[in-house]
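# Fold the following and give me the result.
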Amino acid sequence: MKKTQAESDINLLRALEVFMAVADTRHVTSAATALGMTQSAVSQQIKKLEWALHATLFDRAHRPLELTHSGEILHRRAFRILNEVEDLRSDLRYVQSTSLPILRVSMLASIATTLTTGILDMVRSELAIPELSLAAGLATDHQLALNTRSTDIAITSDPQFDLSDYTTIPILEEPFYLVLPEGYKGETSDITEIARHLSFVRFSSDAPVGRRTDQHLQRCRVDLPRSMDADRASMVVAGVITGKCFAILTPSLLIDAIAEGMALRVEPLPFTGFKRSVLAIHRTGELADIPQQIAARSCHLLRQSFEKLLPQVAGDVIYHH
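Numbering: from 1, shown residues only. Reported below is the predicted structural model:
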């Protein structure tokens, strides 16, 4: 079959990055959003790649998309190829840490406001890196950002992906608390009784914190009816401040709301508690000690905020720096 000009014009590395994004999300739309591309541009890159390799990479009869056998092979190889390319870039970019032209950091949306100013000051004044690129999102966004090499360091929580090519640096461990409207006057020792007066608003099960909460409630044999799901801490807290809902959250998920003066009542859980970890992740062997410095500064900034805004729970958090 004769190739068209459009088919022959392919940037193989970019096509592999697009392929990895689609393979990881299993949705063209999600991959396009993560990559800042249009859906049609992503589809065109996949089509070009399939033509160049003479192989069908996705079974499009299934939703979400499934990799074909050829796609599975490419997924394994592409990960290694992109790592090798980035290693080459690293050798050229990171001869000295001070020569790094830009540092890309992804972080949890719930702590982005708390960390941004302090991280920016550190990068400019202490690390002497001329440009900082920050991205706020969910923990699930960070897996894709790291795998497609669109971020250097992710400040995230409880990663649910293969970390064999990455180094993790613990930042803190934080307990979950019962979060109620400030005006709620009822007892807090019985979660079932609370649920008779207030609706439970929770993270969606697509979010790692939502899955962790659901799993813990199941272990504790606590069955709470679903009334509202959300994928952002700000949306969960918005449900609580209506005075009609309660939630189960950690200090880092609450800190923005407290900083904005939202009226909330924070109490210990009336059943066996559980925690989540916040950590920094970067590709092993890269960036010298910069990730360690970023993790330590993040820990300091979060601790400072907790002690100022949530002093009643700040001492329950385990800080690793």
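
# Break down this protein into its strands, ranges please.
Per DSSP state E, the chain carries strands over the ranges 58-59, 66-67, 102-108, 131-137, 153-157, 166-175, 177-181, 199-203, 226-230, 245-249, 264-267, 275-283, 318-319.

# Mind naming the longest helix for the chain?
helix 69-93 (DSSP state H).

# now it and strand 275-283, what's the angle there?
70 degrees (axes from the mean of the first three to the mean of the last three C-alpha atoms, to 10 degrees).

# coming back round to it: columns mean neighbour count and distance to residue 27 on top of the strands of the chain, output as TSV?
Just so you know, the C-beta spots here come from the backbone N, C-alpha and C atoms, and that holds for glycine as well. As requested, the strands of the chain are exported to TSV (neighbours: other C-beta atoms under 10 Å; distance: least, C-beta to C-beta, whole Å):
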stretch	mean neighbour count	distance to residue 27
strand 58-59	16	11
strand 66-67	16	12
strand 102-108	21	20
strand 131-137	15	16
strand 153-157	26	21
strand 166-175	19	24
strand 177-181	21	32
strand 199-203	22	20
strand 226-230	15	19
strand 245-249	24	28
strand 264-267	17	35
strand 275-283	20	23
strand 318-319	14	36
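
# Tell me which of those sits nearest to residue 42.
With C-beta to C-beta, the closest approach to residue 42 among the strands of the chain belongs to strand 58-59: 11.6 Å.

# Residues touching stretch 61-77, excluding its own?
19-20, 22-23, 26-28, 53, 55-59 (C-beta atoms under 8 Å, 6 or more residues apart in numbering).

# Which of those are buried, as a ChimeraX select command?
In ChimeraX, a selection of the buried entries from these looks like this (16 or more other C-beta atoms under 10 Å):
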select :19,20,22,23,27,28,53,57,58
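
# What about the contacts of stretch 61-77, which are in helices?
Among the contacts of stretch 61-77, the members that lie in helices (by DSSP H) are 19, 20, 22, 23, 28, 53.

# Would you reformat those as CSV and include pLDDT?
Converted to CSV, the ones in helices among the contacts of stretch 61-77 look like this (pLDDT from 0 to 100):
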residue, pLDDT
19, 93
20, 92
22, 92
23, 91
28, 92
53, 90
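
# which two from these end up farthest apart in space?
The widest separation within the ones in helices among the contacts of stretch 61-77 (C-beta to C-beta) is 18.2 Å, between 28 and 53.

# Next, work out how far apart the residue positioned nearest the centre of the chain and residue 199 are.
With distances taken as C-alpha atoms, centre = their mean, residue 139 lies nearest the centre of the chain, 1.8 Å away. As for residue 139, its distance to residue 199 is 25 Å (criterion: C-beta to C-beta, to the nearest Å).

# hmm, back to that, out of the contacts of stretch 61-77, flag the one nearest to residue 222.
Within those, the smallest distance to residue 222 is 31.6 Å, found for residue 26 (C-beta to C-beta).

# Quick one: residues contacting that closest one.
64, 65, 66.

# Mind doing that once more with 7 Å?
When contacts are counted by C-beta atoms under 7 Å, 6 or more residues apart in numbering, residue 26 touches 64, 65.

# Now the phi/psi pair for it, please.
phi 60, psi 20 (degrees, to the nearest 10).

# on that earlier part again, could the strands of the chain be laid out in CSV, adding mean pLDDT?
CSV is the format used below for these (pLDDT from 0 to 100):
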stretch, mean pLDDT
strand 58-59, 92
strand 66-67, 92
strand 102-108, 94
strand 131-137, 92
strand 153-157, 95
strand 166-175, 96
strand 177-181, 96
strand 199-203, 92
strand 226-230, 84
strand 245-249, 95
strand 264-267, 94
strand 275-283, 96
strand 318-319, 97
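
# Surely residue 316 touches residue 175?
Yes - between residue 316 and residue 175 a contact is recorded at 5.3 Å, counting by C-beta atoms under 7 Å.

# Check the spacing between residue 270 and residue 198 real quick.
From residue 270 to residue 198 the distance is 13 Å (C-beta to C-beta).

# hang on, residue 179 packs against residue 250?
No - checked against C-beta under 7 Å, the pair residue 179 and residue 250 is beyond contact range at 9.7 Å.

# any idea how far residue 268 is from residue 159?
27 Å.

# what sits against the residue nearest to residue 249 when sequence neighbours are not counted?
Excluding the flanking residues, the one nearest residue 249 by C-beta to C-beta, 6 or more residues apart in numbering is residue 179, at 5.0 Å. Residues in contact with residue 179 (C-beta under 7 Å, 6+ apart) are 240, 246, 247, 248, 249, 254, 264, 266.
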